[in-house]
Structures are given as C-alpha cells and as structure tokens.
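Participant: below: sequence and its predicted model.
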Amino acid sequence: MKQRIVLLLLGFFLCTQSAYAVVPALEREVNFTVSNEPIAKVLAKIQEQTDVIFSYNSLLLSNISPLTLQLKHKTIREALTLMLPKSIEYKAKNNYIILKEQVVKPNEKKKEISGYVYEKNTNKKVANVTIYDKTTLQSATTNDYGFYSISAAKEEQCLTVNKEKYRDTCVALTTLEDSQLANITIDPVADTLQEDSLRWKLARAEFNTHINNLFVRSKAYFNMLNVKDSLSRDFQLSLLPFVGTNGLLSGNVYNKFSVNVFGGYARGTKGVEAGGFFNIDRENMKGAQFAGFFNVVGDTMKGVQAAGFFNVTGKGARGIQGAGFFNLNFGEVKGVQGAGFLNVNRELFKGLQMAGFMNVGLNNLYGGTLSGLVNFTWKSNRSIEAAGLVNVAQFGDNNIQLAGLANKTTKGTTAFQAAGLLNSAHFLKGAQIGVINYADSASGVPIGLLSIVKTGVHQIEISADEWMYGNVSLRSGVNAFHNIFSAGISPNQNVWQVGYGVGTSIKIKNKLRADVNVSVHHISKGNFYIGTSEWGKIYLGLEYRFSKGLSLAAGPTFNFYWSDKLLPDYNSTYSSITPYHSYNVDLANDFNLKGWYGARVALRVF
C-alpha cells in the first residue's frame, strides 16, 4: 500500500514538473494575496507556486518597500513588473529567473517596448499577433502566451497591430512610453468577404496557403496572415526568405527592385526581381522576374518571367513566360509561353505556347500550341495545334490540327486536320489529310487511303464490265471525295483483280448524280502474280437513286493495261490477257501498254 502511495505521489510530482517545464518560466501563472510583505518573501511564494528559482543579490532588493498585492491569474512577468522598479531588470534562463540592475544604454533613435496583446471584452491574451513599424519594417509576433517585444524608432507616431479576423489597430508610442509592460487591446471583427469575390479569393487563398505552409508556424507566417497594409520598398536584398533587408515582413512588401542571393519571398514585385535559385511572390509580379531554378507568383504575372526549371502562377500570366522544364498557370494566360518539357494552363490561353514534350490546356485556347510530342486542349477556338505525335481537343471551333501521328477533336467543328496516320473529327468543315480519316459528319473533304464519315458515303457496289464480270466494291467517304476498294473476277479466263481508287460524285438532280472514278487494279491469273500487271481505269457515269438505300449506275470507261515483257509468263499469258485493245505500244525498259474503251454497270446499296 505504501509503495502505491509513493508511486502516485512520484507520478503527480513528475507530471507537475513536466507541465511547468512546458510553460516558459516568465509565463507561469501565480495567484496570491500579500499585505505588507518583504519582497524576498513574495519571491519565495512565487517559487513555491511555480517551481521557478530566483537568482539575485540581496542588496539589490534592500531599498524596496514591503509589498501589498492581490494577484489573480497573472503571469510571473506581470507580477515582477508590478513588484520591481524600472532600475531592476529580469531575464529567464530555463527554470531560473535572474534579477539584476538595469544598465542604461541611451539610444536616441530606438525604444524597446514589450507587453501583452489582449482581446477586447474577454481579456484573453492573443497569440500570433503582428506588431510592426511601417518605416523600418521592424516587426514582432506575439508568442503562444500573447507576449511581444519590439525595438521601435522614436520618431514613429505609432506601431501598427494586425491580426487575422481582428480590427487593425495603430497604437501611439506616447501611450506606451511610461509603462514597463505596454499592453495592447485588439477588437475582433466579422468576416466581410463579399459574395461576388468569394470564389476567386478562396481559390487564391488556397493557393497561397500551400505557399505559406512552407513557413507554417513561423513569425513570418503569422505576419502574412495578419498584415493587410500594402507596404512597399524601392529595393530589397535577401539571402533567404525573411533573411534580408525586409526582415520578417518580407511576405508583406511589394518591391521595385529585388535581389535574392539564393531565394526570396515577397508580397509582390513592381519592377525587376532576380533570384539565384528561386523567387516567390505571394500576389502580383509586374515587370521582369528571373530565377536560376523556379519562380512562383500567387496571383498574376505581367511582363517577363524566366526560370531554369519551372514557373507557377496562381491566377494567370500576361506577357512572356519561359522555363527550362515546365510552366503551370492556374488562371488565364495571354502572351507567349515556352517550356523545355511541359506547359499546363487551367484557364483560358490566348497567344502562342511551345513545349518540347507536351502542352495541356484545360480551358479555351485562342492562338497556337506547338509541342514536340503531344497537345491536349479542352477547347480550341480558331487555333492551330501542331505536335510531333498527337493533338487532342475535346471541343473545336474551326481549329486546325497538324500532327506526325494522329489528330482528334471530340466535339465541335474542325477546319483542317493533317496527320501521318489518323484524323478524327466531330464535324469536318474543311479538309482532312491522313492515311485514315474519320468524322461524324462533314461539309468538307477527307483525303486519305480510307475515309469514314458517319453521315457520308458508305456503299457496297456490285458491278460488271467487259473484262471482269463480277466485281464487289466498297465506297467510303463523302460525295466530293471517296475511297473505292474493289475485288473482281473473270471466270472464263480464271483472271481476278484487287484494286483501289478514288471518286467524286456531283449532284445533277434530286435522284441523279454524275460520277468520276479513277482506280488501279492488280491483275492475276490463277495464283497471285508477283510482277507488273496493272489495270488502270477512268470511269465517267451516272447514278440514279431509286430509294434511300438502292441505286443504279452505268457509264463508259477508258482502260489501260501495263505489263512487264521480261517476266516469264508474259508471252504465254499476260501478253493477251486483256479482252481486246484499241492500241498496243511497247515502252522503254521492256514494258508494254495496251488501251481500250469499255463500259460498266453497277448496283449500289446503302
């Protein structure tokens, strides 16, 4: 039983010691009443209550009269201020509080001021309040217990006191001069953010929060939250953020000329800013900004921004933006943008953007986007997209796409597409040039090996002519230009053909159209013939549509057959394979050309 009691007492003692160890010596709370007590006994009473140890020369306190005090929820700092004359100063070191005679150092230019900041009405001490001198930018931030200490210029009329969600306060120095503790009271206010600006302010606040989190819980961080005044300086020099001529108020100052040896942090720039490694501006940069590695602007960049690796803006950019690796903009961009690897723009882009690898636009594009590999655009408005590999636009408004491999516009109108392999559009207004072309609908012309238009021409044709009595063809594209894939046979000769051609169809009347086709067919007898045996045909005809899915076509043809006389089968087979000929000519390099007139008739479905 005794052991348990000892352990409980030991645990209570350790918890008490631990609690006091967390609270700084001068911020520990005292509660007592004394009447006509010597100061030494009062100090002993404080020691008993707070576990601090006072260190002093007894002669130092010999002239102090007995004390009569009533202290309730006061800190040791406040108690000592009431108990000691101005000639005695105190300092805390760990658990010790040292009292000694104050050495007077006359300073005509500055005044040391310290005290607590209280909330009006509640009398609660307020942490993380910014107190600063607008002229010198000297600043202080209250600690977790609401205490501050600042060196202020004597010629200043007042100190500015700011705290987020509290009314800005200006405290006259004359009211603080006669007090050892210069306490300040601030008044809380309601948030007055207007509804119409709420969305953007919240968006920018979120972006700035990510930046500010780099310095979270620092004095400079709370200065940025608290200070609303627009401070400015013609010149600033810094080694690192908050280590420079603007001190801990760097994040609250607009600079005209700014030099950051390694990196710097400012509210904004209106002129020129250069950083050896980085520059960070919370709000706007207007002018020119250069960094060896990166630039970050929380609001808008207007002018020139260049970085060795990346640039980021929270609202947008106007002017020229260049980065060795990537640019990222959360707002509108107007101007020229270049990156060695990637550009990403969340809102409207108007101008020209260039990237070695990829451009990504998540809103409207007006102008041009050029990349080594890929462009992705949410909506391309009368713009040019050029990529070494692929262009993708979710919406198009008369956009132009040029790509080494493929182009795709999912919805809207496309003016022109050209690709090494594939083009895809929703509505084609102009032309497509590629191996394979696709469009949902078109008023323009797709040109390629295979063009498919959902609302265009896609017919199966069964035909016969003077040579091949049975032919099947696929016609695909639009009336103005379509592809023709065909295969046919002449059973009595055991001759067959495979061919490809292109055609156009011109409307004469509602059900009557004129056709012009040009095609080339490879001719084989028996097995597939490896050699020059090519049949060319030009067809001029009429098509009459009986109904939506059925039509009849017929017309004359001009034919030529080109063959190689040196091949082994020429004399026995291919010299006389044509049904007849009107002329027969031997060409240079032992080729033979035959020609004749013919006709064909066809039935078309779908």
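Facilitator: The structure has been received and is ready for your questions.
Participant: show me where this structure has its helices.
Facilitator: Counting by DSSP state H, the chain has helices at residues 2-22, 39-50, 76-83, 198-212, 219-226.
Participant: of those, which shows the lowest average pLDDT?
Facilitator: Lowest mean pLDDT of these: helix 2-22, a mean of 48.
Participant: how many neighbours does residue 605 have?
Facilitator: Here the number of neighbours of residue 605 (other Cβ atoms under 10 Å) works out to 10. (Each C-beta comes from the backbone N, C-alpha and C, glycine too.)
Participant: who's the residue nearest to it when sequence neighbours are not counted bridged to?
Facilitator: Of all residues not flanking residue 605 in the chain, residue 460 sits nearest, at 5.3 Å (Cβ to Cβ, 6 or more residues apart in numbering). In this entry, residue 460 is beta-bridged to residue 474, residue 605, by DSSP bridges.
Participant: show me what contacts residue 460?
Facilitator: 472-475, 604-606 (Cβ atoms under 8 Å, 6 or more residues apart in numbering).
Participant: counting neighbours, what do you get for the residue nearest to residue 159 when sequence neighbours are not counted?
Facilitator: Leaving out its chain neighbours, the residue that sits closest to residue 159 by Cβ to Cβ, 6+ apart is residue 171, at 5.1 Å. Neighbour count for residue 171, taken as other Cβ under 10 Å: 20.
Participant: give the contact list for residue 171.
Facilitator: 158-159, 161, 182, 184.
Participant: kindly recompute the last result at 10 Å.
Facilitator: 113, 115, 117, 131, 158-161, 182-186 (Cβ atoms under 10 Å, 6 or more residues apart in numbering).
Participant: what does residue 382 give?
Facilitator: Here residue 382 is in contact with 365-367, 396-400, 413, 415 (Cβ under 10 Å, 6+ apart).
Participant: need these in JSON lines (columns: distance to residue 241, pLDDT and neighbour count).
Facilitator: Listed next are these as JSON lines, based on distance: Cβ to Cβ, whole Å; pLDDT from 0 to 100; neighbours: other Cβ atoms under 10 Å:
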{"residue": "365", "distance to residue 241": "35", "pLDDT": "96", "neighbour count": "31"}
{"residue": "366", "distance to residue 241": "37", "pLDDT": "96", "neighbour count": "15"}
{"residue": "367", "distance to residue 241": "36", "pLDDT": "96", "neighbour count": "19"}
{"residue": "396", "distance to residue 241": "45", "pLDDT": "94", "neighbour count": "30"}
{"residue": "397", "distance to residue 241": "44", "pLDDT": "94", "neighbour count": "18"}
{"residue": "398", "distance to residue 241": "47", "pLDDT": "94", "neighbour count": "15"}
{"residue": "399", "distance to residue 241": "43", "pLDDT": "96", "neighbour count": "28"}
{"residue": "400", "distance to residue 241": "45", "pLDDT": "97", "neighbour count": "20"}
{"residue": "413", "distance to residue 241": "49", "pLDDT": "97", "neighbour count": "19"}
{"residue": "415", "distance to residue 241": "49", "pLDDT": "97", "neighbour count": "21"}
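Participant: show me those that map onto strands.
Facilitator: 365-367, 396-400, 413, 415 (DSSP state E).
Participant: pull the most distant pair out of those residues.
Facilitator: For the ones in strands among the contacts of residue 382, the farthest-apart pair by Cβ to Cβ is 367 and 413; their separation is 17.5 Å.
Participant: identify the bridge partners of residue 464.
Facilitator: Applying DSSP bridges to residue 464 gives these bridge partners: residue 601.
Participant: so what's the residue count around it?
Facilitator: 16.
Participant: what separation is there between it and residue 595?
Facilitator: 20 Å (Cβ to Cβ, to the nearest Å).
Participant: okay, now residue 130: neighbour count?
Facilitator: With other Cβ under 10 Å as criterion, residue 130 counts 26.
Participant: contacts only, for it.
Facilitator: Counting by Cβ under 10 Å, 6+ apart, residue 130 makes contact with 117, 139-142, 148, 160-164, 219-220, 222-227, 248-249, 252.
Participant: do the same with residue 80
Facilitator: Contacts of residue 80 by Cβ under 10 Å, 6+ apart are 26, 30, 43, 46, 54, 74, 88-90, 97, 99, 180-181.
Participant: which residues in the stretch 1-150 of the chain form strands?
Facilitator: 29-37, 53-55, 67-75, 88-93, 96-101, 110-119, 130-132, 139-141, 147-153 (DSSP state E, counting those that start in this stretch).
Participant: hmm, back to that, quick check, nearest of the contacts of residue 171 to residue 535?
Facilitator: Using Cβ to Cβ, those come closest to residue 535 at residue 160, 93.4 Å.
Participant: hey, C-alpha coordinates of stretch 275-282 in CSV?
Facilitator: Only the C-alpha atoms of stretch 275-282 are listed here, as CSV (Å, rounded to 0.1, in the frame of the first residue of the first chain):
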residue,chain,number,x,y,z
GLY,A,275,17.0,35.1,-57.7
GLY,A,276,20.0,32.8,-57.8
PHE,A,277,17.8,29.8,-57.1
PHE,A,278,14.2,30.9,-56.6
ASN,A,279,11.7,33.8,-56.3
ILE,A,280,8.3,33.5,-54.5
ASP,A,281,5.7,36.4,-54.7
ARG,A,282,2.5,35.9,-52.7
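Participant: renumber starting at 411 from here on
Facilitator: In the new numbering, first residue 411, that becomes stretch 685-692.
Participant: identify the residues contacting residue 781.
Facilitator: Counted by Cβ under 10 Å, 6+ apart, residue 781 has contacts 749, 751-753, 763-770, 795-801, 813.
Participant: now with 6 Å, please.
Facilitator: 765, 768-769, 797 (Cβ atoms under 6 Å, 6 or more residues apart in numbering).
Participant: identify the bridge partners of it.
Facilitator: residue 765, residue 797.
Participant: confidence score at it?
Facilitator: Looking at residue 781, the pLDDT reads 98.
Participant: same thing with residue 507?
Facilitator: pLDDT, read off for residue 507, is 95.
Participant: re the thing from before, now, of the contacts of residue 490, which are buried?
Facilitator: 436, 440, 453, 456, 464, 484, 498, 500, 507, 509, 591 (16 or more other Cβ atoms under 10 Å).
Participant: any chance of these in TSV, with distance to residue 916 too?
Facilitator: Putting those into TSV (distance: Cβ to Cβ, whole Å) gives the following:
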residue	distance to residue 916
436	98
440	104
453	112
456	108
464	109
484	101
498	110
500	104
507	104
509	109
591	98
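Participant: now, which of these sits nearest residue 951?
Facilitator: For the buried ones among the contacts of residue 490, the nearest to residue 951 is residue 436 (105.3 Å; Cβ to Cβ).
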